[in-house]
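K.L.:
structure of the sequence below:
(one chain, ligands or ions: 2)
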Amino acid sequence: MMIPDDGISKQKAQRIEEKIAQMRGGQEMDAVREIIEFDKTPSVLKGDMDRFVIGQEQGKKIMCTAISFHYRRLSQALKKGMTDSGGDIDVALRNTTTPKANIMIVGPTGCGKTYTGETASNLVGVSFVHEDMTKFSEVGYVGQNASDILVDLLLAAGGNPNVAQMGIVYFDEIDKIATETIAYKDVSGRGVQKGLLHMVDGSENTVHIGKERISLSTKHVLFIAGGAFENLDTIVKKRMARQGIEGNWRHYLMADDLVAFGMERQLVGRFPVRVVYDQLTTQDLKDIMTQSQDSALLAYTYDLKAWGIDLEFTDDALSEIARRAEQEGTGARGLISIIHRVLLEDMYRLPGNYTGEFVVDQNTVRERLG
Ligand SMILES: Nc1ncnc2c1ncn2[C@@H]1O[C@H](COP(=O)(O)OP(=O)(O)O)[C@@H](O)[C@H]1O
Ligand SMILES: [Mg+2]
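P.N.:
Ligands and ions are numbered 1, 2, ... in the order given. Below you'll find the predicted structure:
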């Protein structure tokens, strides 16, 4: 393997290599190596991200900068820690302090919030857990939820605490634990939010799995929280009007606005990087189909290819699908169901009966969708 030699001597580099070589458990070695070698600049990371996440230019810039800096910092800290602490990764992780820049993403449903987090974890090579916050609003017992998340993180890391400690935790639908939203359920949203503070900050925890007790720190875990925050724009715009500020509200989102929405100030403060994602346009939806590397359309294309059928969509057909998806108002999620509806009949009929080119044009789309 190659350790980048910036700032460390050859000797040190060799020692790190030896220590890594001694490490048990392939996953731990891989994860540590990925992070030690992490050298994607914000723009390189964004370039990689662009192959998957379409649009959201400004948002992706901010996200990629935060993520790139987080893991580069961790990389440097690990390198130093590994040599200072005689190669004990556990001690090295414990002794490094990385200032956290957790990220809050605001944006309509299906615009790529979760997808960005997931893609980032793949590109960096760290484990990813996705936690739906709506379940928190249903269960009143906050402490239980926090430890559930840690268990999920540990599982995503193949049971390896050192791998888990460098992963990404994504809180989906964070707006659902805003105070107003869940007040009617007789569960204090405030309590749920406060229950997350320690974990998000970076705490030492003990996770109980059966009889085993595993200590797990969240100091280096990157937390990303996403939510639709419906009508947050009204709150921001009102404040801007009061203060005589003009411009696109997306560039002026402040902690105060999220607090006015019902988020606890302390929790908001722990997500200092804030990103506002746009509603996807018809053109974005079209681009997702043809450009995003794991788009539903490409998936169906490969599936049909496996039966010897070369699926082609005319440009008109793609525009029609994008328009229909936009009307559904569920962002890119609409694409999946629409493409499925368009192809259902042919996916049943064609395999075994036809090989060669199969072209879907605008008329086909209209016929199938009615
Ligand atoms: N900007 C985008 N670029 C490419 N694909 C996208 C984008 N936004 C959404 N998708 C697709 O739609 C799916 C749902 O998006 P997701 O990120 O879960 O939405 P949300 O913003 O509600 O979290 C993703 O898994 C992905 O396939
Ligand atoms: Mg989501």
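K.L.:
residue numbers of the stretch 51-200 of the chain in contact with ligand 1?
P.N.:
Neighbours of ligand 1 within the stretch 51-200 of the chain, by C-beta under 6 Å from any ligand atom: 53-56, 107, 109-115. (Each C-beta comes from the backbone N, C-alpha and C, glycine too.)
K.L.:
lowest mean pLDDT among the helices and strands of the protein, which one is it?
P.N.:
Ranked by mean pLDDT, DSSP states H and E, the weakest helix or strand in the chain is helix 179-183, scoring a mean of 57.
K.L.:
burial of the residue in the stretch 251-370 of the chain that ligand 1 sits nearest to, as a residue count?
P.N.:
Proximity of the stretch 251-370 of the chain to ligand 1 (C-beta to the nearest ligand atom) peaks at Ala332, 3.3 Å away. For Ala332, the count of nearby residues is 23 (other C-beta atoms under 10 Å).
K.L.:
ok, now which ones touch it?
P.N.:
110-112, 280, 285, 288, 325 (C-beta atoms under 8 Å, 6 or more residues apart in numbering).
K.L.:
domain map for this structure?
P.N.:
Each domain of the chain is listed here as a residue range: 10-276, 282-369, per automatic domain parsing.
K.L.:
so which of those domains gets nearest ligand 2?
P.N.:
Closest to ligand 2 of the domains of the chain is domain 10-276 (C-beta to the ion; 3.3 Å).
K.L.:
ok now that closest one, how far from the chain's centre?
P.N.:
Distance of domain 10-276 from the chain centroid (C-alpha atoms, centre = their mean, to the nearest Å) equals 8 Å.
K.L.:
SS state for Val129?
P.N.:
In the three-state summary, Val129 is assigned as strand, counting by DSSP: H, G, I helix; E, B strand; the rest coil.
K.L.:
scratch that, His220
P.N.:
Relying on three-state DSSP, one would call His220 coil.
K.L.:
let me know how buried it is, in neighbour terms.
P.N.:
Using other C-beta under 10 Å: His220 sits among 25 other residues.
K.L.:
from Asn353, how far off is it?
P.N.:
His220 is 55 Å from Asn353, where distance means C-beta to C-beta, to the nearest Å.
K.L.:
how about the closest residue to Arg333 other than its chain neighbours, what does it touch?
P.N.:
Spatially, and ignoring its direct neighbours in sequence, Arg333 is nearest to Gly110 (4.0 Å; C-beta to C-beta, 6 or more residues apart in numbering). Shown in contact with Gly110 (C-beta under 8 Å, 6+ apart): 280, 330-334.
K.L.:
10 Å instead, please
P.N.:
Residues in contact with Gly110 (C-beta atoms under 10 Å, 6 or more residues apart in numbering) are 228, 279-280, 285, 325, 328-336.
K.L.:
and for Gly227?
P.N.:
Applying C-beta under 10 Å, 6+ apart, we find Gly227 in contact with 104-107, 109, 113, 133, 171-178, 258, 261, 263.
K.L.:
8 Å instead, please
P.N.:
Contacts of Gly227 by C-beta under 8 Å, 6+ apart are 105-106, 113, 133, 172-176.
K.L.:
in strands, which of those residues appear?
P.N.:
Among those, the members falling in strands (DSSP state E) are 105-106, 172.
K.L.:
near ligand 2, which residues of this protein are found?
P.N.:
Proximity of the chain to ligand 2 (C-beta under 5 Å from the ion) is limited to residues 113-114, 172.
K.L.:
show residues contacting stretch 261-272.
P.N.:
The contact list for stretch 261-272, computed with C-beta under 8 Å, 6+ apart, reads 100-104, 174-175, 178-181, 189-190, 193-194, 196-197, 200-201, 223, 225, 229, 232, 235, 255, 258-259.
K.L.:
then it to CSV, C-alphas only?
P.N.:
Extracted C-alpha coordinates of stretch 261-272, given in CSV (Å, rounded to 0.1, in the frame of the first residue of the first chain):
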residue,chain,number,x,y,z
PHE,A,261,-39.3,26.4,13.1
GLY,A,262,-39.1,24.4,16.3
MET,A,263,-35.5,23.1,16.4
GLU,A,264,-33.6,23.4,19.7
ARG,A,265,-30.9,26.0,19.5
GLN,A,266,-28.3,23.7,21.0
LEU,A,267,-29.0,21.0,18.4
VAL,A,268,-28.9,23.5,15.6
GLY,A,269,-25.6,24.8,16.9
ARG,A,270,-24.1,21.4,16.5
PHE,A,271,-24.8,21.4,12.8
PRO,A,272,-22.8,24.5,11.8
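K.L.:
start at 92, not 1
P.N.:
All right, first residue 92 from here; so that's stretch 352-363.
K.L.:
thought Ala237 was touching Asp292, still the case?
P.N.:
No. With contacts counted by C-beta atoms under 8 Å, Asp292 stays clear of Ala237, the gap being 11.9 Å.
K.L.:
quick check on those two: which one has the bigger neighbour count.
P.N.:
Higher neighbour count among Asp292 and Ala237: Ala237, with 20 against 15, using other C-beta under 10 Å.
K.L.:
you'd agree the more buried one is up against Gln284?
P.N.:
No. Under the criterion of C-beta under 8 Å, Ala237 makes no contact with Gln284, lying 11.5 Å away.
K.L.:
which SS state does the residue nearest to the spatial centre of the chain fall under?
P.N.:
Computing the C-alpha centroid of the chain and ranking residues by C-alpha atoms, centre = their mean puts Gly208 first, at 1.3 Å. Three-state assignment for Gly208 (three-state DSSP): helix.
K.L.:
next one, pLDDT for it please.
P.N.:
For Gly208, the pLDDT comes out at 95.
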